[in-house]
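A.B. asks: Quick one: sequence plus predicted model below, questions after.
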Number of protein chains: 2
Amino acid sequence: MKFTLTHESSNTKARRGVIETDHGTIQTPIFMPVGTQATVKTMTPEDLRAIRAQIILSNTYHLFLRPGTEIIQEAGGLHKFMHWDGPILTDSGGFQVFSLSHRRKITEEGVTFRSHIDGSKQFLSPEKSIEIQHILGSDIIMAFDECAPYPASRDYIMHSAERTSRWAERCKIYHDDKPGQNLFGIIQGGMFKDLRRQSAEQLVAMDFPGYAVGGLSVGEPIETMCDVLDYTTDFMPKDKPRYLMGVGTPDFLFEAVERGIDMADCVLPTRNARKGTCMTSHGKLVIKNAQYAHDFRPLDEECDCYVCRNYSRAYIRHLFKANEILGMHLASYHNLYFLLNLMDNIRKSIEEDNFLQYKDDFYGKYGYNNKK
Amino acid sequence: MKFTLTHESSNTKARRGVIETDHGTIQTPIFMPVGTQATVKTMTPEDLRAIRAQIILSNTYHLFLRPGTEIIQEAGGLHKFMHWDGPILTDSGGFQVFSLSHRRKITEEGVTFRSHIDGSKQFLSPEKSIEIQHILGSDIIMAFDECAPYPASRDYIMHSAERTSRWAERCKIYHDDKPGQNLFGIIQGGMFKDLRRQSAEQLVAMDFPGYAVGGLSVGEPIETMCDVLDYTTDFMPKDKPRYLMGVGTPDFLFEAVERGIDMADCVLPTRNARKGTCMTSHGKLVIKNAQYAHDFRPLDEECDCYVCRNYSRAYIRHLFKANEILGMHLASYHNLYFLLNLMDNIRKSIEEDNFLQYKDDFYGKYGYNNKK
């Protein structure tokens, strides 16, 4: 994997770069659509290509439990299994073990837990997570981390972040630079500057090809996230990609890019879409609302995506009211396009060194407070 | 609308023809995918084009109740509303009033019923059905008929078929040859030859541009359906398209075409698909079955559709087990392609005058009894 910075904003930490992987090139900053269970919900890989998705994310935790690594190994890896030949990033399962599983027991060795699907007893550890991700064959793999709850005490966060660093070391040893797969470390430390610094320093000392910021966008106010990001990215090397985990609303993406983030992912654009909440240039649009019953404009009048070129709000509302799957597909398609197109515009604004101006214009229209 | 017969089978009643409508040309015999609520479930119009769908069906009953004709009128008709510019056939609502609604009361004037969606009191009549179909703007519209249950007494069927004829007359008067829309009459008469003859004679006397056979595929054995079709098509004019309502399995389609049917529709290919039952050259395949967990072959090894070219049984099974919408989409896509491709092959076999041979070969592989 090769990361090249091509442009830097003169008045913010925003940066424009290129990541080269065995499955293709990624222009950063980028939003990564999430395909939790080896599918970006309702979207074919051809749809993803059509909206210019450059890399997608999938989940070790989910794929480990179902269909299981054996089937994906027999398929020849995750790319072939799901018919997506572009870059894939897989999460380590760390976050999901803590957010989804039942009766988990954490030891230094790893985490024993009950599957959220069938209650079966399971075990994940740094080594096991990397072993699974090796089988998945994803281009970017993540270290197995402990994601602390929010809020949590300084003491809890400190011990959790230190364990995350020890686990990262074990991941790195087990990974042993397997060709074509690139292991990123995850910086934890909650909302504590000194702990973020310590976590970053410990991980940077291990020399990963990229670093993620974990434990943000977990319920804290956006101002807190911005503060933490502000100092955390300062602790991260400039010449490695920086990935903010779990962020996928326009404001969070702008604020993250402004603070030097190169990659982000989130299930929100597709999850919201399936409930009928669509993103537009003028803010959120809840398509089931009665006001759209006779509205024959596209979801977003300024959007040129397939959905906005061909379907009206009235029609998409009808699909949702009639429980038609096509409604969820069209809303997902549009929301993902909206974010990917936004990132495209953000990249251009960095190239032209007018990121803050673009952000200001976007916030003004979208209805965000632009004083963050 | 213009119907031209291009080939006739020398040893069966199978026929090959062309229907020309304002929204495009239809090669017959044809299977019509069903888009009950202004969408063929899980499929975009572009998907339908890709599988070479020539005409789709939609339902007056459903669209009348939701979203209501006012919205579709404001949209500029059903084609624009749903972004499908090919031919559309709409059913009259007759069948659905009898199969879906609650507390219906039939009088000579029409049918009063309760909506299956919200229990509201509604009324449909021959005139009302045609009025709605005029607003929908479908290329082929159907007369409002009474679809008798199966089994039913001769007396019941006789009175029901006679009412259907009187209603057809009222539909024709109300329709008054509105340009671009073609009203088909529906022959009823249950499983009684003299009643079918009487129904056909009454409708043919009204000179419709096409005729449907209603009240078949309602639970009777396939042999009974074949018998009734055998004599009913003999009562129908040769120079008008013949449409068998509610048929969509390969055997029913073969048997119908053999008896001179040109058009058919059914929700089964998509409904079964959403439950994971797929059609293949070698019979039905229930994708959720454990035997496919490690099966990396396509759904149908002899199929060249997008799904079979790109996805394995193991992957599609995983999608179904994980409740992923993409699974329902891929299975629907394949099933519809399978039937449309089958009809394509049937058309070629009629052109080459080897329909029975093709049927025999297909039945042998599929596992059907070919002595029907």
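C.D. replies: It's in.

A.B. asks: got the contact list for stretch A:287-304?
C.D. replies: The contact list for stretch A:287-304, computed with C-beta atoms under 8 Å, 6 or more residues apart in numbering or on different chains, reads A:276-282, A:285, A:307-309, A:311-314, A:316-317, A:320-321, A:327, A:331, A:334, A:337-338, A:341, B:67, B:70-71, B:74-75. Where C-beta positions appear, they are placed from N, C-alpha and C, glycine not excepted.

A.B. asks: Which of those residues fall in strands?
C.D. replies: In strands, defined here by DSSP state E, the members of these are A:277-280, A:285.

A.B. asks: Pick out the most distant pair among the residues you listed.
C.D. replies: The distance between the two most remote of the ones in strands among the contacts of stretch A:287-304 (C-beta to C-beta) is 10.5 Å, for A:T277 and A:T280.

A.B. asks: who has more neighbours, these two?
C.D. replies: Taking neighbours as other C-beta atoms under 10 Å in any protein chain shown, A:T277 and A:T280 compare with A:T280 leading, 20 against 17.

A.B. asks: Quickly find the element holding A:G364.
C.D. replies: Using DSSP states H and E, A:G364 sits within helix A:355-366.

A.B. asks: and that helix, what's its mean pLDDT?
C.D. replies: What helix A:355-366 shows for mean pLDDT is 96.

A.B. asks: I'd like to know which elements it is packed against.
C.D. replies: Where contact means 3 or more C-beta pairs under 8 Å, 6 or more residues apart in numbering or on different chains; DSSP states H and E, helix A:355-366 is packed against helix A:250-258, helix A:325-351.

A.B. asks: 10 Å instead, please
C.D. replies: helix A:250-258, strand A:277-280, strand A:283-286, helix A:325-351 (3 or more C-beta pairs under 10 Å, 6 or more residues apart in numbering or on different chains; DSSP states H and E).

A.B. asks: What residues of it count as buried?
C.D. replies: Using 16 or more other C-beta atoms under 10 Å in any protein chain shown as the test for burial, helix A:355-366 gives A:355-356, A:358-359, A:362-363, A:366.

A.B. asks: what stretches of chain A score poorly on pLDDT?
C.D. replies: Counting by pLDDT under 70, chain A shows low-confidence ranges at A:370-372.

A.B. asks: Contacts made by stretch A:362-372 with the rest, please.
C.D. replies: Here stretch A:362-372 makes contact (C-beta atoms under 10 Å, 6 or more residues apart in numbering or on different chains) with A:222-223, A:225-226, A:249-252, A:254-255, A:258, A:279-284, A:302, A:342, A:345-346, A:349, A:356, A:359-361.

A.B. asks: Let's see that with 6 Å instead.
C.D. replies: Stretch A:362-372 is contacted by residues A:226, A:251, A:255, A:281-283, A:360 when judged by C-beta atoms under 6 Å, 6 or more residues apart in numbering or on different chains.

A.B. asks: go on, stretch A:48-61?
C.D. replies: By C-beta under 6 Å, 6+ apart, the surrounding residues in contact with stretch A:48-61 are A:26, A:30, A:32-36, A:38, A:40, A:87-93, A:96, A:129, A:132-133, A:265, A:336-337, A:340.

A.B. asks: change it to 7 Å
C.D. replies: Identification of contacts with stretch A:48-61 by C-beta atoms under 7 Å, 6 or more residues apart in numbering or on different chains yields A:26-27, A:30, A:32-36, A:38, A:40, A:78, A:84, A:86-93, A:96-97, A:100, A:129, A:132-133, A:136, A:138, A:265, A:305-306, A:333, A:336-337, A:340.

A.B. asks: and chain B, which of these contact it?
C.D. replies: Among the contacts of stretch A:48-61, proximity to chain B is found for A:A38 (C-beta under 7 Å from any C-beta of the partner chain).

A.B. asks: So which of the contacts of stretch A:48-61 belong to strands?
C.D. replies: A:26-27, A:30, A:32, A:88-91, A:265.

A.B. asks: Nearest residue to A:V286 in space, ignoring adjacent ones along the chain?
C.D. replies: Closest residue to A:V286 apart from its sequence neighbours, by C-beta to C-beta, 6 or more residues apart in numbering or on different chains: A:T277 at 5.5 Å.

A.B. asks: now the most far-flung residue of chain A relative to its centre, what's its secondary structure?
C.D. replies: Relative to the C-alpha centroid of chain A, counting by C-alpha atoms, centre = their mean, A:H294 is the outermost residue, at 35.7 Å. Secondary structure, DSSP: H, G, I helix; E, B strand; the rest coil: A:H294 is coil.

A.B. asks: Need phi/psi at it.
C.D. replies: phi -110, psi 20 (degrees, to the nearest 10).

A.B. asks: Tell me the secondary structure at whatever residue of the stretch 101-250 of chain A ends up closest to chain B.
C.D. replies: For the stretch 101-250 of chain A, the residue closest to chain B is A:I117, as judged by C-beta to the nearest C-beta, at 8.8 Å. Judged by three-state DSSP, the three-state class of A:I117 is coil.

A.B. asks: which residues does it contact?
C.D. replies: Shown in contact with A:I117 (C-beta under 7 Å, 6+ apart): A:65-66.

A.B. asks: and it, what are its phi and psi?
C.D. replies: Here the main-chain torsion angles of A:I117 (degrees, to the nearest 10) amount to phi -90, psi -50.

A.B. asks: what's the distance between it and B:L326?
C.D. replies: Distance from A:I117 to B:L326, counting by C-beta to C-beta, to the nearest Å: 18 Å.

A.B. asks: what separates the residue nearest to A:V286 from A:E201, distance-wise?
C.D. replies: A:T277 is 40 Å from A:E201, by C-beta to C-beta.

A.B. asks: Over to A:V97?
C.D. replies: A:V97 is 26 Å from A:E201, by C-beta to C-beta.

A.B. asks: Can you name the residues in contact with stretch A:1-19?
C.D. replies: With C-beta under 7 Å, 6+ apart as the test, stretch A:1-19 has contacts from A:20-21, A:25-28, A:182, A:209, A:233, A:239-241, A:257-260, A:262, A:347, A:350-351, A:353, A:355-356.

A.B. asks: Number of residues surrounding A:R166?
C.D. replies: Per other C-beta under 10 Å, the neighbour tally for A:R166 reads 12.

A.B. asks: Need the nearest residue in space to it, chain neighbours excluded.
C.D. replies: Excluding the flanking residues, the one nearest A:R166 by C-beta to C-beta, 6+ apart is A:E108, at 7.5 Å.

A.B. asks: next one: A:C305
C.D. replies: Residue nearest to A:C305 in three dimensions, not counting chain neighbours: A:Y337, with 4.0 Å by C-beta to C-beta, 6+ apart.

A.B. asks: what does chain A put close to chain B?
C.D. replies: Within chain A, the positions adjacent to chain B are A:37-39, A:41-42, A:44, A:66-67, A:71, A:74-75, A:81-83, A:293-294, A:296, A:310-312, A:314-315, A:318-319, A:321-322, A:324-326, A:328 by C-beta under 7 Å from any C-beta.

A.B. asks: try 6 Å this time
C.D. replies: Within chain A, the positions near chain B by C-beta under 6 Å from any C-beta of the partner chain are A:37, A:39, A:42, A:66-67, A:71, A:74, A:81, A:83, A:294, A:310-311, A:314-315, A:318, A:322, A:324-326.
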